[in-house]
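**Student:** Sequence and predicted model, in that order:
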Amino acid sequence: MKCWLVTGGAGFIGCNFVRLALARSDARVVVLDKLTYAGSLANLRDVERDPRFAFVRGDVADADAVEAVFREHRPTAVVNFAAESHVDRSIDGPGAFVHTNTVGTFELLHRARAHLAGLDPGAREAFRFLHVSTDEVYGSLGNEGAFSEETPYAPNSPYSASKAAADHLVRAWHHTYGLPTLVTNCSNNYGPHQFPEKLIPLMLMNGLEARDLPIYGDGGNVRDWLYVEDHCAGILAVLERGRPGEKYNIGGRSERTNLEIVDTLCALLEEAAPAASNEAMRRRGLDSYLGLKTFVADRPGHDRRYAIDDTKIRRELDFHPAHDFTSGLRRTVRWYLDHRDWCREVQAGGEYGRERLGLRSGGGAS
């Protein structure tokens, strides 16, 4: 039986991929996850009894833990989601990003290479190492153009720099050691199970509680948005049909400014949970969620615009997202409204109270 080792599978994108993999393949799925603040077993509760699912708690940057999971489960593929991913946190504490995103990827590559050498020729031919990355490695765009697979890397934050380093390691392990690697670079994801430090769930949860909706700078920063289930379907297509040594951009063709996102979310909240019926809004004396919008100091080094050219994956693998932005965002709003217990549970540790991050101007490498 195929066995896919999914690192970071208790996080936002990883847990959605685990569900899709169990639904659309016959593979066993083994999740290796450190369970940091943004990774939670609550994200996997609906699959934990599946006989094809297994969970191992461990750090991808821990060589002994990685060696143990390879030895016990003998994976036929690795899908690496494990990452610290919040740009603001990388500004405050870049060390954790280098540890997980760069060193962790190295440890996985190192062990995968040794594992590959011990396989018989047929299993060696079938093995894949898929590294999930981000469009942020490409830097910032002007008003025109889009990132292609040939765009030079120009990361501007500690987060994107750590991911760019990992991408380069993956490329090197293919070209130097012959490891059959694949890299995907995606645009901004949204959807169920996203930790509420990110824009869309943060705005939804703050709106419901009549807390300020903080918008960085002038709100004009542009991102391309991709529904998480579509991203996971794209990763599955690359895993099953992609050419080793290649990289594939996965995008949503849905560019929006941050201000447009917040305005749209306010309108959708008004439809689903009218401000007039929201006691928290009444206490603030507001009759519209738009009244919660607050412009705050911009993020240091904030990239202005990202956009993905996903022609390659559409042409070569016949992959097309199933959701447009309007339908995906409506599904997302509905999910958060229906899962407020999940929202409370993943924040129960008290490490994050939806406060502003990413304003540290100095300090150490923690």
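**Tutor:** Sure thing, it's come through.
**Student:** Let me see the residues that make contact with stretch 236-246.
**Tutor:** Stretch 236-246 is contacted by residues 4, 17, 20-21, 24-25, 77, 79, 128, 130, 149, 174-175, 180-184, 248, 250, 313, 316-319 when judged by CB atoms under 8 Å, 6 or more residues apart in numbering. Heads up, the C-betas are built off the backbone N, CA and C, glycines and all.
**Student:** Pull up the distance across that stretch, start to finish.
**Tutor:** End-to-end distance of stretch 236-246: 15 Å, with CA to CA, to the nearest Å as the criterion.
**Student:** what's the answer for stretch 70-77, then?
**Tutor:** End-to-end for stretch 70-77, by CA to CA: 10 Å.
**Student:** same question, stretch 318-327
**Tutor:** For stretch 318-327, the first-to-last residue distance is 22 Å (CA to CA).
**Student:** I'd like the mean pLDDT over it, please.
**Tutor:** Mean pLDDT, stretch 318-327: 96.
**Student:** and for that stretch, what are the contacting residues?
**Tutor:** Contact partners of stretch 318-327, identified using CB under 8 Å, 6+ apart, comprise 225-227, 229-230, 233-234, 237, 250, 252-254, 256, 313-314, 331.
**Student:** again, only this time at 6 Å
**Tutor:** Residues from elsewhere that reach stretch 318-327, judged by CB atoms under 6 Å, 6 or more residues apart in numbering: 225, 227, 230, 234, 237, 252, 254, 313.
**Student:** okay, those residues in a markdown table with secondary structure and neighbour count next?
**Tutor:** Output for those, formatted as a markdown table (DSSP: H, G, I helix; E, B strand; the rest coil; neighbours: other CB atoms under 10 Å):
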| residue | secondary structure | neighbour count |
| --- | --- | --- |
| 225 | strand | 22 |
| 227 | strand | 25 |
| 230 | helix | 23 |
| 234 | helix | 26 |
| 237 | helix | 19 |
| 252 | coil | 26 |
| 254 | coil | 22 |
| 313 | helix | 25 |
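**Student:** Of those residues, which is the nearest to residue 297?
**Tutor:** Nearest to residue 297 out of the contacts of stretch 318-327 is residue 225 (CB to CB; 24.0 Å).
**Student:** Tell me if I'm right that the closest one and residue 191 touch.
**Tutor:** No. Using CB atoms under 6 Å, residue 225 makes no contact with residue 191, being 9.9 Å away.
**Student:** any shared contact partners between these two?
**Tutor:** By CB under 6 Å, 6+ apart, residue 225 and residue 191 have no common neighbours.
**Student:** and residue 331, that's in a helix?
**Tutor:** Yes. Residue 331 forms part of a helix when assessed by DSSP: H, G, I helix; E, B strand; the rest coil.
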